[in-house]
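Enquirer: Generate coordinates for the sequence data below:
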Amino acid sequence: MRGVIISVSKVSVTVDLSVAKVYLSIFPNDKAKELVEGIKSNQPFIRHELAQRTRNQLRRMPQLYFFVDDSLEHIDKIEQSLKGTDNPLKDPDLFGKRKKS
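Expert: Modelled structure (predicted):
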């Protein structure tokens, strides 16, 4: 896909190297779910390629699980709220979005 930036923002690996959670930051964010599904479907190929590139460096190649990292979008929403552009008093429809479940 053209015009899409995908970067790995965080990887957390279990102590025994059996599982790696890979968090992907995708821009533009509206295509994130579609792209992550494609990446998940290619997980065996990605794992194999990673194993080839780190052949003698890792004892075991972890199982890869991919997730969308939406922390930048969350930070942007907080900044908009602090600037006052997302004021629920002026727009009562926003109250439902901020309700805790």
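Enquirer: among the helices and strands of the chain, which has the poorest mean pLDDT?
Expert: Taking mean pLDDT, DSSP states H and E as the measure, the chain has helix 95-98 as its least confident helix or strand, at a mean of 59.
Enquirer: Pull the number of nearby residues for Tyr23.
Expert: Residues within reach of Tyr23, counting by other CB atoms under 10 Å, total 17. For every residue, glycine as well, the C-beta is placed using N, CA and C.
Enquirer: got the residue ranges for the strands in this protein?
Expert: For the chain, the strands defined by DSSP state E cover 5-13, 19-27, 63-68.
Enquirer: Pick the most deeply packed of those.
Expert: strand 19-27 (a mean of 17; mean count of other CB atoms under 10 Å).
Enquirer: neighbouring strands for that strand, and are they parallel or not?
Expert: The strands that strand 19-27 pairs with in its sheet are strand 5-13 (antiparallel), strand 63-68 (parallel) (by DSSP bridges).
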